[in-house]
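Undergrad: coords please:
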Amino acid sequence: MNLLLLAIAPICAILLYICVQDNEFHQVYIAELTVPLNALVKQESEVEALKLVTLKDFIDLLKDSKTNMHFVASNYDYYLKVHEAIQNKLLKL
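TA: As a prediction, the model looks like this:
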């Protein structure tokens, strides 16, 4: 089972850092996650939440960005490019 967003293997995932001020995913990191998500410690003053989502969930969140407050809707095209780049990378593995 591929429990990943923009992921490379079942133990790898995208960590999406949500900015507290405007609730936008500002930074997307691809990293090998070798511990459970709940073992990660976030900097409370800078990060509201860490999420692991599948590629499908990422696209679903993106499609609803005008209403779900996960992304700034004006950045839609950028996140589509990020998704496409990760998909292309996965195809090469």
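
Undergrad: how about Ser65: what's its closest non-neighbour residue?
TA: In space, and not counting its chain neighbours, Ser65 is closest to Phe71: 4.0 Å by Cβ to Cβ, 6 or more residues apart in numbering. (C-beta placed from N, C-alpha, C; glycine too.)

Undergrad: can you confirm the one you found is in a strand?
TA: No. Looking at Phe71 with DSSP: H, G, I helix; E, B strand; the rest coil, it is coil, so not inside a strand.

Undergrad: that one - how many residues pack around it?
TA: Counted by other Cβ atoms under 10 Å, the residues lying close to Phe71 total 22.

Undergrad: for it, give me the pLDDT.
TA: We have a pLDDT of 77 for Phe71.

Undergrad: correct me, but it touches Ile59?
TA: No. Using Cβ atoms under 8 Å, Phe71 is not in contact with Ile59; the gap is 11.3 Å.

Undergrad: what about the helices in this structure?
TA: Listed in chain order, the helices of the chain (DSSP state H) span 55-63, 65-68, 76-91.

Undergrad: ok, which of those comes nearest Val47?
TA: Nearest to Val47 among the helices of the chain is helix 55-63 (17.5 Å), distances taken as Cβ to Cβ.

Undergrad: for the closest one, which helices and strands make contact with it?
TA: Applying 3 or more Cβ pairs under 8 Å, 6 or more residues apart in numbering; DSSP states H and E, we find helix 55-63 packed against helix 76-91.

Undergrad: so which elements touch the helix it packs on?
TA: Packing partners of helix 76-91 (3+ Cβ pairs under 8 Å, 6+ apart): strand 25-32, helix 55-63.

Undergrad: just give me the lowest mean pLDDT stretch among the ones you listed.
TA: It's strand 25-32: among the helices and strands packed on helix 76-91, that one has the lowest mean pLDDT, namely a mean of 62.

Undergrad: next one: Tyr78 from Lys92, what distance?
TA: Relative to Lys92, Tyr78 is positioned 22 Å away (Cβ to Cβ, to the nearest Å).

Undergrad: which one of these two is surrounded by more residues?
TA: Tyr78 (11 against 5).

Undergrad: dump the helices of the chain into TSV; add distance to Asn38 as well.
TA: Shown next, in TSV, are the helices of the chain (distance: least, Cβ to Cβ, whole Å):
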stretch	distance to Asn38
helix 55-63	18
helix 65-68	23
helix 76-91	24
